[in-house]
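Novice: model this:
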Amino acid sequence: MRTKKNADLALARLHRLFASQVLVGSDRVEEYQSDDSGVRGAPLDAVVLAESGQDIQKTLKIAAETNVPITPRAGGSGRTGGAVPLEGGILLSTRGMNQIVDIDRREGIVVVEPGVILETLHDAVEAEGWFYPPDPNSASICCLAGNVAENAAGPRAFKYGATRDYVLGMETYLPGGEHFFSGRRTKKGVTGYDTTALLVGSEGTLAAFGNITLRLIPKPETVVTLLILFSNMRDASDAVQKIIEAQLTPRCIEFLDSKTLAILRDAGSPLDRNAHALLLVEVDGSEQECERQCELVGNLSTEACALSVLVAQSASQREKLWSSRRTMSVAIRSLARHKLSEDVVVPRTQLGALLQFVETVEESFGIVALAYGHAGDGNLHVNFLWNHAEEKVQVEKAIEALFRRTIELGGTLSGEHGIGILKAPYLPLEQSPAHIALQRRLKTAFDPTNIMNPGKIFPQRGHGSC
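Specialist: Numbers count the residues shown, from 1 in each chain. All right, here's what the predicted structure looks like:
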């Protein structure tokens, strides 16, 4: 049973071990009670600022022995509440463990501490002629441990895949302090169960991560970005299908709808007023291959009635095209007092049908919804905006309707944000009771007393099997 006595005992032991690495008091721990989802957790007893794997191990041991909940946290940039301490207790921050331990140029491997910022990793390996493809738009603030915990992806996932495709292994710390290395440093390996793949995307519910071993690929020689405008979403969707059916593999195919284009225009972007959909397509490879792909993408887009096809002529032009896309979420946030972003995925052939649903949300539910995202892999970010508390009921109805429509179209509830707190009530829409029960048993095998990031992924109450 969890009591104040348990918490006081844990806090006393933490102070003896870590001294100034322990934060207590509402003013010092407040920033750790939420993440980028905006969900606020229960009051924390303490925050431990880990500086080493031993710090992680000792903190988990104390949490288990005193039966106090513990929540791992890296950058806190998650969108579904994965790093929110739902039951309070101890928050274990690995943000300060931010060193790149090794870049093995011969094997194409990098070892990083859990708090390394993704953008820092990108810059470091590219300076060595290597490439780490996963690129969530929070790259300038998100940490590698969080990327692994959420199986983060981003625009380049269409060609290169998500974080799971690059994790070779990690130092793994279980509740109670048990420690082992899960995975390998070799390109191939099928020894035992693939616990590494299970841990990637586990959202901090099974273990905490220390050093992470990632595989790299050679850095592409050339990158070219195209901005393509359409008069409607149907033509843009048609262009995406034509590109894929032609067996082209751009590293990104990003989509923005008419409402997001209006936001860009308000921010000063001189986009054609006749455009109501936009594709941002990026290709990479040799200079000759990029030239060939650009020509084909341009021709196929023209066949799909594109209004215009613009090819960036320099690195600065490329960055200018991408900067608006990267800041889109922040720009949208300024349009209303409240915003929720849901990332859902449907088969690419159903992308048009999902976009049609988004267009009906305002009429059906009386709230604003707009969409942008990764058209290449069918992953859309649907944003719901509202200003008044009484509108929240309609927002929840619209979100459930979006999830139901996504499943009807053969899709999935999350492409890269995870389940966390916000999507947990809806898990039974996609997964059967037997499937959920199996995952609960796996959780128990790793975490018998349910102290590790409790309350995440699985539905607690409310929607049930809705």
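Novice: which residues in the stretch 251-400 of the chain form helices?
Specialist: 258-266, 287-303, 315-326, 328-333, 351-365, 392-408 (DSSP state H, counting those that start in this stretch).
Novice: Any stretches of the protein with poor pLDDT?
Specialist: 1, 324, 461-466 (pLDDT under 70).
Novice: domain ranges for it?
Specialist: If you go by automatic domain parsing, the domain ranges for the chain are 4-93, 100-218, 222-324, 330-420.
Novice: Can I get those in a markdown table including mean neighbour count and distance to T444?
Specialist: In short, each C-beta sits where N, CA and C put it, glycine included. Shown next, in a markdown table, are the domains of the chain (neighbours: other C-beta atoms under 10 Å; distance: least, C-beta to C-beta, whole Å):
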| stretch | mean neighbour count | distance to T444 |
| --- | --- | --- |
| domain 4-93 | 20 | 14 |
| domain 100-218 | 20 | 10 |
| domain 222-324 | 18 | 40 |
| domain 330-420 | 19 | 18 |
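Novice: could I get the ones you listed as a markdown table with distance to A434?
Specialist: Shown next, in a markdown table, are these (distance: least, C-beta to C-beta, whole Å):
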| stretch | distance to A434 |
| --- | --- |
| domain 4-93 | 24 |
| domain 100-218 | 18 |
| domain 222-324 | 34 |
| domain 330-420 | 17 |
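Novice: still on that earlier bit, among the helices of the stretch 251-400 of the chain, which comes closest to I228?
Specialist: Nearest to I228 among the helices of the stretch 251-400 of the chain is helix 287-303 (4.8 Å), distances taken as C-beta to C-beta.
Novice: mind checking how far Q460 is from S432?
Specialist: 18 Å (C-beta to C-beta, to the nearest Å).
Novice: closest to T449 out of the domains of the chain?
Specialist: domain 4-93 (6.1 Å).
Novice: Assign a three-state SS to K159, would you?
Specialist: helix (DSSP: H, G, I helix; E, B strand; the rest coil).
Novice: who's in contact with it?
Specialist: 133, 249-252, 284, 376 (C-beta atoms under 8 Å, 6 or more residues apart in numbering).
Novice: From those, which land in strands?
Specialist: Mapping these onto strands (DSSP state E) picks out 252, 284.
Novice: Between the contacts of K159, which sits nearest C294?
Specialist: Using C-beta to C-beta, the contacts of K159 come closest to C294 at P250, 9.5 Å.
Novice: tell me the contacts of the closest one?
Specialist: 158-159, 243, 281-283, 293, 297, 376.
Novice: now do 10 Å
Specialist: By C-beta atoms under 10 Å, 6 or more residues apart in numbering, P250 lies in contact with 155-156, 158-159, 224-226, 243-244, 279-284, 290, 293-294, 296-297, 376.
Novice: I'd assumed E282 was in contact with E319.
Specialist: No - judged on C-beta atoms under 10 Å, E319 makes no contact with E282 at a distance of 11.9 Å.
Novice: export stretch 74-91 as CSV, just CAs?
Specialist: Output of stretch 74-91 as CSV, limited to C-alpha atoms (Å, rounded to 0.1, in the frame of the first residue of the first chain):
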residue,chain,number,x,y,z
ALA,A,74,13.9,12.9,-20.8
GLY,A,75,13.0,16.1,-22.7
GLY,A,76,9.3,16.3,-21.8
SER,A,77,8.3,17.0,-25.4
GLY,A,78,5.7,14.2,-25.6
ARG,A,79,2.2,15.0,-26.9
THR,A,80,0.1,12.3,-25.1
GLY,A,81,1.2,12.6,-21.5
GLY,A,82,3.8,9.8,-21.4
ALA,A,83,6.1,11.7,-19.1
VAL,A,84,3.4,13.0,-16.8
PRO,A,85,3.5,11.6,-13.2
LEU,A,86,-0.1,10.6,-13.0
GLU,A,87,0.3,9.2,-9.5
GLY,A,88,3.0,11.6,-8.3
GLY,A,89,5.9,9.9,-6.4
ILE,A,90,9.4,10.2,-7.9
LEU,A,91,10.2,11.6,-11.3
